[in-house]
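K.L.:
Below are the sequence and a predicted model; questions follow.
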Amino acid sequence: MDKIVILTGAGLSAESGLGTFRDEGGLWAQHRIEDVATPEGYARDPALVHRFYTARRIQASEARPNAAHDALARLQRAFGGEVVLITQNVDGLHEKAGSEAIHMHGTLAGALCAACGHRWTAPLDMTPDTACPACHGTTARPDVVWFGEMPYFMEEIADHLADCTLFAAIGTSGQVYPAAGFVQEARQAGAQTIELNLEPTDLSRLFHSRRIGPATRVVPEWVASLLG
Ligand code: APR
């Protein structure tokens, strides 16, 4: 039985109007990672971190899935074998398209209490005064994995990579580990590997094949080739 494991990154949501991180003018050109995407930055200035994520949460809540998200949802529904979707994205667009996804970097829609660990649905406008419904502390943070923190579901992901027959990386620059290492884990499992991206990446040489172009064109074409 064929098993496809797909890893998606910010490039998948670019054509839904959501900025990527490392492209020209991307999020990391506008904000310092250490200020808005680390536990230290949150401890130093929680109001700045909340402003950064509230702006992204509001933008993501208004964004619509694009043809690439829709094609992946179609693949999950129609493919004869298993399709596992792992995403680095926190924007919720896979779910809006009808997909189930493993969110290894968390979600903008989630809130986490930095004090007691309670999780709940984030208010659209989360601020340092947002209280945890469980312990009532004003220690709410976005349930998003920051640099220096361990991504979620890593054991489950390792199991999927160990028995997949095809691995695809879509719209990710391959600059951030552990996600950037998934192609090697898949190859060690004997899987075929393919990269779909607007342009070649530093990891392109590790993939057996590539489809170069905007996700809204190359992902539907790739899915059509799989569904026959
Ligand atoms: N279609 C396909 N690919 C695209 C498109 C598009 N329309 N637009 C951009 N891309 C590609 C770029 O070529 C690049 O390879 O998407 C990738 C975006 O790379 P990054 O901005 O680095 O985003 P990503 O790979 O998802 O970052 C991984 O790093 O900052 C952390 O936690 C953050 O989850 C993020 C992780």
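P.N.:
Arrived safely. Numbers count the residues shown, from 1 in each chain.

K.L.:
outside of the helix or strand of the chain with the lowest mean pLDDT, which residues touch it?
P.N.:
Lowest mean confidence among the helices and strands of the chain (mean pLDDT, DSSP states H and E): helix 27-30, at a mean of 94. With Cβ atoms under 8 Å, 6 or more residues apart in numbering as the test, helix 27-30 has contacts from 19, 20, 21, 22. Yep, even glycine has a C-beta here, placed from its N, CA and C like the rest.

K.L.:
what two of the residues you listed have the greatest distance between them?
P.N.:
Spatially, the most separated pair among those is 19 and 22, at 10.3 Å (Cβ to Cβ).

K.L.:
Please identify which residue in this protein comes closest to the ligand.
P.N.:
residue 11 (2.2 Å; Cβ to the nearest ligand atom).

K.L.:
follow-up on the earlier one: inside helices: which ones of the contacts of helix 27-30?
P.N.:
Using DSSP state H, no member of the contacts of helix 27-30 sits in helices.

K.L.:
and the ligand, which of those residues contact it?
P.N.:
Contacts with the ligand within the contacts of helix 27-30, counted by Cβ under 6 Å from any ligand atom: 20, 21, 22.

K.L.:
Could you give the backbone dihedrals for the spatially closest residue to residue 98 that is not a sequence neighbour?
P.N.:
Excluding the flanking residues, the one nearest residue 98 by Cβ to Cβ, 6 or more residues apart in numbering is residue 73, at 4.2 Å. Backbone dihedrals for residue 73, given as degrees, to the nearest 10, come out at phi -70, psi -40.

K.L.:
ok, now residue 146?
P.N.:
Per degrees, to the nearest 10, the backbone of residue 146 is at phi -90, psi 170.

K.L.:
which residues touch the closest residue to residue 213 other than its chain neighbours?
P.N.:
Once flanking residues are discounted, residue 213 sits nearest to residue 198: 6.8 Å by Cβ to Cβ, 6+ apart. Applying Cβ under 8 Å, 6+ apart to residue 198 gives the contacts 11, 14, 171, 212, 213, 214, 215.
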